[in-house]
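1. Below are the sequence and a predicted model for it; my questions follow.
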Amino acid sequence: MRIGELAERTGASRRLLRYYEEQGLITPDRALNGYREYGEPHVYGVLQIKGLLDAGLPTRIIRQILPCLDKPRSIYPPEVTPEMIVTLQHEQARLSERIEFLIRNRDAIADYLHMVAGDKVAGAGPGSGGRPQHYESHSRRRRLPALPLRRRDRCTT
DNA sequence: GTTCTTACA
DNA sequence: TGTAAGGA
């Protein structure tokens, strides 16, 4: 498929898909006319990349742990280097911190909501349509004040 | 009409 | 990232 279709199927803009390629995250084939040609694996790959990026991983890490997803290559490379393990452990710790950070702020918001609007709106919100959202570790957990969001470290190369 | 590269806001 | 230019 060409870039347009991949864009539709992944929700990533064509611009972004070209950017991923520039960053070495995906490597599509080229048709004779120069058009990029993507395969089915790329769809999953792009989704994977989006998720990792959303989790806050810099592209250089992703490029490292995602050894080219073009061809039918194993996702868990036998070439896992010790240094890769270390970086992944680092990322894991970073994600844990971020999760705690998010939980703390989410709870702070819930408290604020209780304070200004009462139970009728607590726990609900945009995008939570229908899902049973129970943040009921409430009564027990120690309430903490909201924290300012720290600027995410971003890596261009 | 779709895609390509380069470059600027 | 979006968008415009100039081609294929």
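-> All right, it came through fine. Numbering: from 1, shown residues only, chains lettered A, B, ... in the order given.

2. nearest residue to the closest residue to DNA strand C within chain A other than its sequence neighbours?
-> Nearest residue of chain A to DNA strand C (Cβ to the nearest atom of the strand) works out as A:Leu16 at 3.1 Å. Yep, even glycine has a C-beta here, placed from its N, CA and C like the rest. Among residues not flanking A:Leu16 along the chain, A:Ala7 sits closest, at 8.0 Å (Cβ to Cβ, 6 or more residues apart in numbering).

3. hmm, back to that, helix, strand, or coil at the residue of chain A closest to DNA strand C?
-> helix (DSSP: H, G, I helix; E, B strand; the rest coil).

4. got the residues of chain A near DNA strand B?
-> A:Arg2, A:Ile3, A:Gly4, A:Glu5, A:Arg14, A:Arg18, A:Gly34, A:Tyr35, A:Arg36 (Cβ under 7 Å from any atom of the strand).

5. Using JSON lines, lay out these together with pLDDT, secondary structure and neighbour count.
-> Output for the residues of chain A next to DNA strand B, formatted as JSON lines (pLDDT from 0 to 100; DSSP: H, G, I helix; E, B strand; the rest coil; neighbours: other Cβ atoms under 10 Å):
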{"residue": "A:Arg2", "pLDDT": "95", "secondary structure": "coil", "neighbour count": "13"}
{"residue": "A:Ile3", "pLDDT": "96", "secondary structure": "helix", "neighbour count": "19"}
{"residue": "A:Gly4", "pLDDT": "94", "secondary structure": "helix", "neighbour count": "12"}
{"residue": "A:Glu5", "pLDDT": "95", "secondary structure": "helix", "neighbour count": "11"}
{"residue": "A:Arg14", "pLDDT": "95", "secondary structure": "helix", "neighbour count": "14"}
{"residue": "A:Arg18", "pLDDT": "95", "secondary structure": "helix", "neighbour count": "16"}
{"residue": "A:Gly34", "pLDDT": "92", "secondary structure": "coil", "neighbour count": "6"}
{"residue": "A:Tyr35", "pLDDT": "94", "secondary structure": "coil", "neighbour count": "12"}
{"residue": "A:Arg36", "pLDDT": "95", "secondary structure": "strand", "neighbour count": "20"}
